[in-house]
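Enquirer: Model the structure of this input:
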Amino acid sequence: MSGGATTGRRRFPIRIHTSWLVLMTLLSALFAVIYVRSDPALPTVAAVGLGGLTSLLLLVSVLLHEAAHAVVASRAGLGVKRITLKVLGGSTDLVREPPDPRSELRIAVAGPIATLVLLAGFALVGLGAVPTLDPVRAVASNLALINLLLLAFNLIPAIPLDGGRILRAVLWSVWDRPVAATRAVTAAGRSFGLLFVGFGVLALFGAGAGGGGAQLVFGALFVLIGFHLRGQAGEITRHLWIADTLGEITAGHLLDYRVLPAQRGASGHELASMGSPHSEIPVLDEDRLVGAVRVADLHRHPAETWDDLTAGGLMRTDITEKTVSPGDAATSLLPLFAAGRRSIAVLDGAELVGFVTVETLRKRLLLHSGN
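Expert: The predicted structure follows:
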């Protein structure tokens, strides 16, 4: 599922993972049972409706939390790619990382502040400070409790949680070493992840010994959260290692000289006879890069038709949409490769210098790791 949220003139793409639909269904059923048990006279239809409303407002609460991050990041000029809601929470993907600890801190605290405001509002209604109907008060009380738990969880000092980002900003400000600050917080993330897994396993054993179904559910949830925290910490650690490995290396250092371009009018047989070791063959119009032919696209056609095919007819133009300069940092290539690109053109102005391929980048990383 996808959509968009608009704040002022800013529009943020929103993606809701299908796991959220499963979670909302389960929560709706769970809250419906809670409402029936708290008021046996409540009709089943009303309980189901209140359960659905509670789970929907929980989704809105998480969305507003992430939107707060997005608004502050957007105002800082960092750009927002998307807001993603998944079963274990949400995330706000930025175009650029915060350039200084102050920006990091402002973005990190925005989410918890939004959750705190929601918590206060729901508590105000739920505790009866605002006159309202009892069913509405019951929903508000549950949402206040949920937002309190979300706030406490998010403030755990472990990346990717907000508490970890806040701690990273503080350490970055004190040490003036962002990489060292990130390493310290990812280490905390691994430790907290292990703690959650251990607590979840103990809860699961307790449930097996007669602790009840609720304990079984919470035990499994804690194990999932623990593995999630450790996985995220590991991913960030890998990114740090890659950034360290590439260091001052530029795109010009990673050129793959085995990549040979073809002219736009080259036939299918000429393309096949090039024996390209890569999955793409760049296509030139004289000296200008105009696209690339994927070898797999050529082989989808029978060999007897290759004389009637041309590179210009077979090529795709996405290779020209994102290019780099020889002096661009090698780390700037990573998002392009992560998006599925196999080769990236390196241009010096309008002149084609060469190509960086997935293979050349991988070899540089393997060389550094000693494998």
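Enquirer: can I assume Phe196 is in contact with Leu221?
Expert: No. Assessed by CB atoms under 8 Å, Phe196 is found out of contact with Leu221, at 9.2 Å. For glycine as for every other residue, the C-beta is placed from the backbone atoms N, C-alpha and C.
Enquirer: I'd like the average pLDDT over stretch 295-306.
Expert: Across stretch 295-306, pLDDT averages out at 87.
Enquirer: Off-centre distance for that stretch?
Expert: Computed by CA atoms, centre = their mean, to the nearest Å, the chain-centroid distance of stretch 295-306 equals 37 Å.
Enquirer: Give me the more crowded residue out of Phe196 and Leu221.
Expert: Phe196 (23 against 15; other CB atoms under 10 Å).
Enquirer: Contact partners for the more buried one?
Expert: Going by CB atoms under 8 Å, 6 or more residues apart in numbering, Phe196 touches Phe222, Val223, Ile225, Gly226, Leu229.
Enquirer: In helices only, show me these.
Expert: Among the contacts of Phe196, the members falling in helices (DSSP state H) are Phe222, Val223, Ile225, Gly226, Leu229.
Enquirer: sec struct for Ser276, please.
Expert: The three-state assignment at Ser276 reads coil, by DSSP: H, G, I helix; E, B strand; the rest coil.
Enquirer: could you show me where the strands are in the stretch 251-371 of the chain, in order?
Expert: Using DSSP state E, counting those that start in this stretch, the strands of the stretch 251-371 of the chain run over residues 262-263, 280-285, 288-294, 343-348, 351-357.
Enquirer: what about stretch 34-52, start to end distance?
Expert: With CA to CA, to the nearest Å applied, stretch 34-52 spans 12 Å between its terminal residues.
Enquirer: What residues sit buried inside that stretch?
Expert: Ile34, Tyr35, Val36, Leu42, Ala47, Val48, Leu50, Gly51, Gly52 (16 or more other CB atoms under 10 Å).
Enquirer: same question for it, mean pLDDT?
Expert: Averaged across stretch 34-52, the pLDDT comes to 84.
Enquirer: mind listing what's buried in stretch 268-283?
Expert: Buried residues in stretch 268-283, counting neighbours by 16+ other CB under 10 Å, are found at Gly268, Glu270, Leu271, Ala272, Ser276, His278, Ser279, Glu280, Ile281, Pro282, Val283.
Enquirer: Tell me where the protein has helices.
Expert: 18-38, 44-75, 101-126, 134-154, 162-175, 178-206, 213-246, 268-273, 295-299, 311-314, 334-338, 358-369.
Enquirer: is it possible to export the ones you listed to JSON lines including distance to Leu94?
Expert: What follows is the helices of the chain, written out as JSON lines (distance: least, CB to CB, whole Å):
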{"stretch": "helix 18-38", "distance to Leu94": "22"}
{"stretch": "helix 44-75", "distance to Leu94": "5"}
{"stretch": "helix 101-126", "distance to Leu94": "8"}
{"stretch": "helix 134-154", "distance to Leu94": "18"}
{"stretch": "helix 162-175", "distance to Leu94": "12"}
{"stretch": "helix 178-206", "distance to Leu94": "15"}
{"stretch": "helix 213-246", "distance to Leu94": "14"}
{"stretch": "helix 268-273", "distance to Leu94": "40"}
{"stretch": "helix 295-299", "distance to Leu94": "34"}
{"stretch": "helix 311-314", "distance to Leu94": "37"}
{"stretch": "helix 334-338", "distance to Leu94": "12"}
{"stretch": "helix 358-369", "distance to Leu94": "23"}
